[in-house]
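Student: I'll drop the sequence and a predicted model, then ask my questions.
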Amino acid sequence: MGPHLNDGQIEELFRPAWNGNAESPFDRGALEDIQAHLKTCDSCRERVLAQQRVMEQLALLKSNAPVSPGLLCPPDGVWIEVAAGIANPDAEKYLSHAMNCDHCGQLLNQAAGDFDEELTPQEEAQIASLASSTTAWQTKVAVRLQGIQAVSPAGSAPKPGWSSSMVAFLTPSRLTLVAALAALILLGIGDYRLTARLSSQSLQASADVNRLQRDVDLERAQIAELTAQLNKPAPSAPQPVQEANVASLTLDSGLSRGTGEMKRLSVPSGAGIVRITLHSTGNPDGVMREELLTVDRRKIWSQELRPSDAERKSGSLTLLIPAYLLTPEDYLIVLSRELPDGPEQVATYSFRVPR
Amino acid sequence: METLSNVSIEDLLRRCSVSGDIEAWEEFVRRFHRLIAKAVLRTAARFGDSSKGTVDDLIQETYFKFCSQNRHILRNFDHRHPSAFIGYLKALAANVVRDHFKSAYSKKRGANQVEGMAEGFIPPARKDSAGSLESIERGVLIGEVGRHLALFAVGQDRERNSNVFWLYYRVGLSASAIAALPGIDLTTKGVESLILRMTRELRERMTAPKPAINVSVRDAGKGILPSESF
């Protein structure tokens, strides 16, 4: 049976495929001896099997399941730049994220695969068969690229006799005419540029005014709706009649992940107002700002208010939001405190309005 | 004498940017064609259309990006390391393809439209989705490997070495892909050698016999007897 296998011999059995070309200290005969020994020695076989199990476990570290992006995941395009090796001050931060996030890890893996140096024979054949791989195509593109940027090359030598024929052509009267024409053209160009610039500024200004107008209309609608709600006479009828028009939801701070955890708000048809109570707001004091955002950070609604005494004591805030704003979607509420040097974010809440 | 085929990338870009030098552009296309074609072909294949016509069009579009904004890229590229432009070229080609297909899908499906989903629809969970037994076991394994790694990945390169290990086993990158990443500062051979060493160390640690709890029943005194195992 011979002596037990040493570390080097066992190591040889786990030589990874990509390291197969590296110089091996063992010849073919020695490797056959290792295999033969394993057949007869329980102790060595156990040792190798245990290590084999670890290698199988390491293979399970990679996730192949599709994973949804989280709120902290950077934009997908980042992974192309990271995989291409483009220096970026945040590259190390992104790499650390990818190592712990299966969604981004898979994107990084894809991007790295796209940039892998070695071509498969099939890829070689595909590239060779492209029209763009021919010299004719490449020359044509080179001419076009050069043509795009070539702007009247300076210092090009005039043709022989060009200056003398020009001098003969330019008599004083013709010179005057040419100068007048040139002045007119220059004035025209200047005027055209000015008009184009003013036109562009005007379009931009119109777009800004329209956007502001839309914001103002939205705010007005919200104010009108809330005012109408507040000015309603105290109900003589039982409370549920009023409550039927109000959808309520209580939220705790923190972002939910996955579809199962997110709180749901069902807005019944006919509901005019949605009342959302925010818990764990810390100590709401001073002017608090609430912003309702979609998960892609599009602002839907915002308000600033001073919490009541009761709210300050309970550490919670109640928002009244027009129900028509809450179409089926996922939302975030960002709560911040107005400080002299700018707003300070206090808490974030998330919920879903299902269809 | 210097010919265009051995001029540096920096000089080649300069020539392409400042003059209508067709020879420089021919050299540019000749030199980078394979690189661009490879990135375009693979990215387009991932989007499901690597037909010759599409790939040729996207390769051409990538070249024309260099002339946009008055050849801004060529004139202002920061050659902070020798392969900086190569990396930039790969990313540019991949982004051209990505933008093309995103725009094509957006037109096909209608921009800003979302498909409806029936109320109460619960997608079937995969075997390896979050919360499944496989996923929990994997989480435990990641924790165990991490603890071993923390014990033997030490020294000033501790963080870099640990990153290489996770990028190889968890993200699934090849040694050459890891070597190309910013901040790794190792050659492909260096990465391979590091992974070999760390894997060997980890195998030995994970298969080492656990120290036995040597407490006899008599020594245990009063109270709960130590359990042999769970």
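Tutor: Structure's in. What do you need? It should be emphasised that the depicted structure is a prediction, and the values quoted were computed from it without experimental measurement. Numbering: from 1, shown residues only, chains lettered A, B, ... in the order given.
Student: okay, domains of chain A per the record?
Tutor: Per the record, chain A has its domains at A:7-59, A:64-117, A:240-353, by automatic domain parsing.
Student: may I see these organised as a markdown table, with mean neighbour count, distance to chain B and mean pLDDT added?
Tutor: For the C-beta atoms, the positions are set from N, CA and C on the backbone; glycine is no exception. Shown next, in a markdown table, are those (neighbours: other Cβ atoms under 10 Å in any protein chain shown; distance: least, Cβ to the nearest Cβ, whole Å; pLDDT from 0 to 100):
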| stretch | mean neighbour count | distance to chain B | mean pLDDT |
| --- | --- | --- | --- |
| domain A:7-59 | 13 | 4 | 78 |
| domain A:64-117 | 18 | 4 | 85 |
| domain A:240-353 | 15 | 6 | 78 |
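Student: residue 43 sits in which helix or strand?
Tutor: With no chain named, the answer covers chain A. Here residue A:43 sits within helix A:42-59, counting by DSSP states H and E.
Student: think we crossed wires, I meant chain B
Tutor: Going by DSSP H and E, residue B:43 is part of helix B:22-46.
Student: in chain B, what helix or strand scores lowest on average pLDDT?
Tutor: Lowest on mean pLDDT, DSSP states H and E among the helices and strands of chain B sits helix B:68-76, with a mean of 78.
Student: three-state assignment of the closest residue to chain A within chain B?
Tutor: Nearest residue of chain B to chain A: residue B:20, at 3.0 Å (Cβ to the nearest Cβ). Three-state assignment for residue B:20 (DSSP: H, G, I helix; E, B strand; the rest coil): coil.
Student: what about it, neighbour count?
Tutor: By other Cβ atoms under 10 Å in any protein chain shown, the residues close to residue B:20 number 17.
Student: would residue B:48 count as being in a strand?
Tutor: No: Residue B:48: not assigned to a strand; according to three-state DSSP it is coil.
Student: picking that back up, of the domains of chain A, which is nearest residue B:61?
Tutor: Closest to residue B:61 of these is domain A:64-117 (Cβ to Cβ; 16.1 Å).
Student: circling back: which elements pack onto the helix holding residue A:43?
Tutor: If you count contacts as 3 or more Cβ pairs under 8 Å, 6 or more residues apart in numbering or on different chains; DSSP states H and E, helix A:42-59 packs onto helix A:7-13, helix A:28-40, helix B:188-207.
Student: could you dump the ones you listed to TSV with distance to residue B:81?
Tutor: Listed next are those as TSV, based on distance: least, Cβ to Cβ, whole Å:
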stretch	distance to residue B:81
helix A:7-13	35
helix A:28-40	42
helix B:188-207	16
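Student: out of the ones you listed, which gets nearest to residue A:118?
Tutor: Closest approach to residue A:118 among these (Cβ to Cβ): helix B:188-207, 11.1 Å.
Student: residues of that closest one that come out buried?
Tutor: Using 16 or more other Cβ atoms under 10 Å in any protein chain shown as the test for burial, helix B:188-207 gives B:188, B:191, B:192, B:194, B:195, B:196, B:198, B:199, B:202, B:203, B:206, B:207.
Student: just to revisit the earlier point, just put the domains of chain A in JSON lines and tack on distance to residue B:85.
Tutor: Listed next are the domains of chain A as JSON lines, based on distance: least, Cβ to Cβ, whole Å:
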{"stretch": "domain A:7-59", "distance to residue B:85": "28"}
{"stretch": "domain A:64-117", "distance to residue B:85": "10"}
{"stretch": "domain A:240-353", "distance to residue B:85": "34"}
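Student: closest one to residue B:160 among those domains?
Tutor: That would be domain A:64-117 among these, by Cβ to Cβ, at 9.5 Å.
Student: off-centre distance for the closest one?
Tutor: Taking Cα atoms, centre = their mean, to the nearest Å, the mean C-alpha location of domain A:64-117 is offset from the chain mean by 11 Å.
Student: which ones are touching residue A:57?
Tutor: Shown in contact with residue A:57 (Cβ atoms under 8 Å, 6 or more residues apart in numbering or on different chains): B:141, B:206.
Student: measure it to residue A:129 for me?
Tutor: 43 Å (Cβ to Cβ, to the nearest Å).
Student: and the closest residue in space to residue B:28 that isn't next to it in sequence, how far is that from residue B:96?
Tutor: Among residues not flanking residue B:28 along the chain, residue B:16 sits closest, at 5.4 Å (Cβ to Cβ, 6 or more residues apart in numbering or on different chains). Noted for residue B:16: a distance of 18 Å to residue B:96, by Cβ to Cβ.
Student: next: residue B:47.
Tutor: According to Cβ to Cβ, residue B:47 and residue B:96 sit 12 Å apart.
Student: higher neighbour count, the two?
Tutor: A side-by-side neighbour count of residue B:47 and residue B:96, using other Cβ under 10 Å, places residue B:96 first with 23 against 15.
Student: the helix or strand that contains residue B:176 - contacts with which helices or strands?
Tutor: Element membership for residue B:176 (DSSP H and E) is helix B:175-179. If you count contacts as 3+ Cβ pairs under 8 Å, 6+ apart, helix B:175-179 packs onto helix B:188-207.
Student: so which other helices or strands are in contact with the helix it packs on?
Tutor: Here helix B:188-207 touches helix A:42-59, helix B:133-152, helix B:158-166, helix B:175-179, going by 3+ Cβ pairs under 8 Å, 6+ apart.
Student: contact partners for residue B:16?
Tutor: Applying Cβ under 8 Å, 6+ apart, we find residue B:16 in contact with A:145, A:149, B:24, B:25, B:28, B:66, B:71, B:74.
Student: ranking by neighbours, what's the top pick from the residues you listed?
Tutor: Most neighbours among those, by other Cβ under 10 Å: residue B:25, with 29 neighbours.
Student: related to what we said a few turns ago, if I look at the residue nearest to residue B:28, how far off is residue B:32?
Tutor: The gap separating residue B:16 from residue B:32 is 11 Å, by Cβ to Cβ.
Student: where does the residue nearest in space to the middle of chain A land in three-state SS?
Tutor: Nearest to the geometric centre of chain A sits residue A:75, at 2.1 Å (Cα atoms, centre = their mean). Classification of residue A:75 by three-state DSSP places it in coil.
Student: before we move on, what about the one 10 residues further on?
Tutor: State at residue A:85, reduced to three classes by three-state DSSP: coil.
Student: mind listing what it touches?
Tutor: Residue A:85 makes contact with B:83, B:87, B:180, B:181, B:182 under the criterion Cβ under 8 Å, 6+ apart.
Student: so which of the residues you listed are also by chain A?
Tutor: Contacts with chain A within the contacts of residue A:85, as defined by Cβ under 8 Å from any Cβ of the partner chain: B:83, B:87, B:180, B:181, B:182.
Student: of those residues, just the buried ones, PyMOL syntax please.
Tutor: Selecting only the buried entries of the ones next to chain A among the contacts of residue A:85 in PyMOL, with 16+ other Cβ under 10 Å as the criterion:
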select buried, chain B and resi 87+180+181+182
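Student: can you list the ones next to chain A among the contacts of residue A:85 in TSV and add pLDDT and secondary structure?
Tutor: Putting the ones next to chain A among the contacts of residue A:85 into TSV (pLDDT from 0 to 100; DSSP: H, G, I helix; E, B strand; the rest coil) gives the following:
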residue	pLDDT	secondary structure
B:83	78	coil
B:87	87	helix
B:180	86	coil
B:181	88	coil
B:182	85	coil
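Student: perfect, that will be all.
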